[in-house]
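Visitor: give the three-dimensional model of this entry:
(chains A and B)
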Amino acid sequence: MNGPTYNFAYLDEQTKRMIRRAILKAIAIPGYQVPFASREMPMPYGWGTGGVQVTAAILGPQDVLKVIDQGSDDTTNAISIRKFFAKTAGVATTTSTEDATVIQTRHRIPEAPLHGGQVLVYQVPIPEPLRFLEPRETETRRMHALGEYGLMHVKLYEDIARFGHIATSYAYPVKVNARYVMDPSPTPKFDNPKMDHCPALQLFGAGREKRIYAIPPHTQVTSLDFEDHPFTRYGFDAPCALCGADDSYLDEIVTDDKGGRMFVCSDTDYCEGRQAHGCRGTESAAPHKETAHGRG
Amino acid sequence: MYVAVKGGERAIENAHRLLAHERRGDRDVPELSLAQISEQLSLGVDRVMTEGSLYDRELAALALKQARGDMIEAIFLVRAFRATLPRFGASEPVDTGQMQVRRRISSTFKDIPGGQILGPTFDYTHRLLDPQLAETSAPEAPATVEATPAVMPRVTDILGRDGLIEPSPKADADLAVGDLTREPLSFPADRDLRLQNLARADEGFLLALGYSSQRGYGRNHPFAGEIRLGEVEVEFMAEDVGFAVPLGAVTLTECQMVNQFKGSATEAPCFTRGYGLAFGQSERKTMSMALVDRSLRARELGEEIIAPGQDEEFVMSHSDNVQATGFVEHLKLPHYVDFQSELGLLRKLRAEFGEAEAQPAMQEAAE
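Guide: Residues are numbered from 1 along each chain as shown, chains lettered A, B, ... in the order given. Modelled structure (predicted):
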């Protein structure tokens, strides 16, 4: 049995060309979901195969790759994807948002502002923002074509009628370039404003659902709302317990079984960068060390 | 003092090492060879080849071994490998009428030209656990007769001569056959894509859908016109030499369902077809596939679409077990960022609810 050999960044060049064409179309029509012939990847559907295919198609040997999941470089799936590209493409990897040229992410946008020339690749589970209002693809495609988004506004209005505010906290729908309603992937709505007029290119890949969409740099992205109920960002009551940041999205850490809680930055690179500059929170410790899980 | 959790990289490595250890099991027990899996768990290998969409017994056996016997994991391994293979072209359509038949039954006619051949089947075995198989077994050699060069026309062809069944649509040589692994699927989908989807679909999912159609959810009155198992030649049209070159033989199971059709204003009543085809011996799969294929023709035949099995978007979007298992199992991945925002929202809603509860008297007074 001959061992298989793989191309640079795993995918064959024909597949990459097909994906790049879909990406170019997506950039040309901001927020529009472009169907593409998604391949079976060596990791499961739902685990970032769309993002991985987009990254594989755009990655060059000079790129520096950062992969985050839940804002962290150290979550198991982020490690797994980073190692996949380190192995199949041999590219340099980093945890620094500033140094990366390509950042693949699941569920977060980094806190540090992105700059021109960077590409942010989102992993998307369900690309269709109207899916839970209308399960049929044939219907939702028609609704997008006609710009018929009444159903979405009714849903948001019903939230207000019932709760007094829009009760959507993540995957909060946005309108791109005043045309297409788009799902920002399950990022917390806290991150939505970062998408607006972002200098970096934002690409979205949904492998299982076979869709790619994009927000070109410096494109208007507005979160759906009403004049009398404007979009509000989710806020936290306390700053990060490790770095003291009061402008970042925080994870809740359960510290004991007696109701003990603390809040720390979900973006680990941001938090560590602040700590390196001497910022301290209430629970600050010595610099981080890797805790051992078993011996090698 | 709090130290953020780290060390995922080493945890992954150790988990994989432990997995390899568990896969091997007790090292005093001899290790399975691929030949053992291929020869003695052959129906499992057939299923992996069918749903993995790759005819290679050795690779399918390897996948089954690597997956510790988990079918869907093995299918996934084969699919991921298949996705990287270059495409040279498409074979000529195989002719199952020329099949070297090992098993062939029809439930619509008592006797048919070429006869009914039971072949290797579980049918009519009594499902009693056989303690002899717990030890090494030495089964009798199979009974044999002289091979007869009998032709075995397909039962549907016999019906077709009298026009009692709709003709099979003729292949259009100029029209490329769709391939949903190379082109993104869109709806409505034609029958070639539907059949490709069903051939790759999860056996259990098709079984349940086919069963639901029998129980009245989109009933279509099926008869097993014919099920046949055997070897067919695969040929490839080599442009350089100008004729079809045989590539080898594959084992196939084919099922042709014969279904009722009441006719319409423009068409006389006749039988219609549901079609199933799979690698190896995969009877349950091909029968289920044929039932669902016929159900999905509701739109084409002008039947009312009332059941899940008739709804092509529902069936085709959920039939692929590699896609389904990935998305179901991705719930194992961390979701604490979105969970955090839901937690915040829930706390806010509960606080608002509590405030409203606390002032019922004032509201009543205002009314």
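Visitor: need the phi and psi values for the closest residue to chain B within the stretch 151-296 of chain A.
Guide: Relative to chain B, the nearest point of the stretch 151-296 of chain A is A:S169 (3.7 Å; C-beta to the nearest C-beta). (C-beta placed from N, C-alpha, C; glycine too.) Phi and psi for A:S169, reported as degrees, to the nearest 10, are phi -110, psi -20.
Visitor: which ones are touching the closest residue to it other than its chain neighbours?
Guide: Sequence neighbours aside, B:S341 is the residue nearest to A:S169 in space, at 3.7 Å (criterion: C-beta to C-beta, 6 or more residues apart in numbering or on different chains). By C-beta atoms under 8 Å, 6 or more residues apart in numbering or on different chains, the residues touching B:S341 are A:169-170, A:188-190, A:234.
Visitor: chain center to the longest helix that chain B contains: distance?
Guide: In chain B, with assignment by DSSP state H, the single longest helix is helix B:336-358. Distance of helix B:336-358 from its chain centroid, counting by C-alpha atoms, centre = their mean, to the nearest Å, is 44 Å.
Visitor: now do stretch A:260-276
Guide: When distances are taken as C-alpha atoms, centre = their mean, stretch A:260-276 is centred 18 Å away from the chain's centroid.
Visitor: same check, this time on stretch B:8-26
Guide: 31 Å.
Visitor: hmm, that stretch touching chain A?
Guide: Yes - shown here: stretch B:8-26 in contact with chain A (C-beta under 8 Å from any C-beta of the partner chain) through B:8-14.
Visitor: returning to what we had before: give the rounded mean pLDDT of the longest helix of chain B.
Guide: Taken as a whole, helix B:336-358 carries a mean pLDDT of 87.
Visitor: what does stretch A:255-274 give?
Guide: Mean per-residue pLDDT for stretch A:255-274: 91.
Visitor: do the same with stretch A:74-94
Guide: 93.
Visitor: so which bits of that stretch are buried?
Guide: Using 16 or more other C-beta atoms under 10 Å in any protein chain shown as the test for burial, stretch A:74-94 gives A:74-82, A:84-85, A:88-89, A:91, A:93-94.
Visitor: which of these are close to chain B?
Guide: With the criterion set as C-beta under 8 Å from any C-beta, the members of those near chain B are A:74-80.
Visitor: please identify the buried residues of the longest helix seen in chain A?
Guide: Criterion DSSP H: the longest helix present in chain A is helix A:13-28. Across helix A:13-28, burial judged by 16+ other C-beta under 10 Å covers A:15-16, A:18-19, A:22-23, A:25-27.
Visitor: could you do stretch A:272-286 as well?
Guide: A:272-275, A:279, A:281, A:283-284.
Visitor: now do stretch A:187-199
Guide: Quick answer for stretch A:187-199 (16+ other C-beta under 10 Å): A:187-195, A:198.
Visitor: quick one: low-confidence parts of the chain?
Guide: Looking at chain A here, since you left the chain open. Low-confidence segments of chain A (pLDDT under 70): A:1-4, A:285-296.
Visitor: hmm, I had chain B in mind actually
Guide: Of all residues in chain B, those with pLDDT under 70 make up the ranges B:1-7, B:360-367.
Visitor: where do the strands sit along it?
Guide: Counting by DSSP state E, the segments of chain B that form strands are B:100-105, B:222-238, B:243-259, B:272-279.
Visitor: so which elements touch the first one?
Guide: Read that as strand B:100-105. When contacts are defined as 3 or more C-beta pairs under 8 Å, 6 or more residues apart in numbering or on different chains; DSSP states H and E, strand B:100-105 sits against strand B:222-238.
Visitor: show me what the strand it packs on is packed against.
Guide: Contact analysis of strand B:222-238 by 3+ C-beta pairs under 8 Å, 6+ apart lists strand B:100-105, helix B:155-161, strand B:243-259, helix B:283-295 as its packing neighbours.
Visitor: buried sites along the first one?
Guide: Counting neighbours by 16+ other C-beta under 10 Å, one finds that the buried residues in strand B:100-105 are B:101, B:103-105.
Visitor: which ones among the buried residues of stretch A:74-94 lie within strands?
Guide: Under the assignment DSSP E, the buried residues of stretch A:74-94 contribute A:T93 to strands.
Visitor: thinking again about what came up before, mind putting the buried residues of stretch A:187-199 into CSV with distance to A:E227 and secondary structure?
Guide: What follows is these, written out as CSV (distance: C-beta to C-beta, whole Å; DSSP: H, G, I helix; E, B strand; the rest coil):
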residue, distance to A:E227, secondary structure
A:T187, 25, coil
A:P188, 24, strand
A:K189, 18, helix
A:F190, 22, helix
A:D191, 23, helix
A:N192, 18, helix
A:P193, 18, helix
A:K194, 23, helix
A:M195, 21, helix
A:C198, 25, coil
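Visitor: let me know the closest of those to B:Q214.
Guide: The shortest approach to B:Q214 among those belongs to A:T187, at 45.4 Å (C-beta to C-beta).
Visitor: what sits against B:S168?
Guide: Taking C-beta under 8 Å, 6+ apart, one finds B:156, B:160, B:273 in contact with B:S168.
Visitor: quick check, nearest of the residues you listed to A:Y213?
Guide: B:R273 (40.0 Å).
Visitor: tally of neighbours for that closest one?
Guide: Number of residues near B:R273 (other C-beta atoms under 10 Å in any protein chain shown) recorded here: 22.
Visitor: now do A:E148
Guide: So A:E148, with other C-beta under 10 Å, has 14 neighbours.
Visitor: what does it show for phi and psi?
Guide: Backbone torsions for A:E148, taken as degrees, to the nearest 10, come to phi -90, psi 90.
Visitor: what residues does it make contact with?
Guide: Counting by C-beta under 8 Å, 6+ apart, A:E148 touches A:R142.
Visitor: same thing with A:D267?
Guide: A:D267 neighbours (C-beta under 8 Å, 6+ apart): A:68, A:71-72, A:97, A:108, A:110-112, A:248-249.
Visitor: chain B contacts on the stretch 1-150 of chain A?
Guide: Residues of the stretch 1-150 of chain A lying close to chain B (C-beta under 8 Å from any C-beta) are A:1, A:4, A:6, A:10, A:12, A:35-42, A:44-47, A:49, A:69-71, A:74-80, A:83, A:106-108, A:125, A:136-138.
Visitor: ranges for the strands of the stretch 101-250 of chain A?
Guide: A:102-106, A:119-123, A:174-176, A:180-182, A:201-206, A:211-215, A:221-223, A:250-254 (DSSP state E, counting those that start in this stretch).
Visitor: compare the ones you listed and give me the one nearest B:E313.
Guide: Short answer: strand A:211-215, nearest of the strands of the stretch 101-250 of chain A by C-beta to C-beta, at 15.3 Å.
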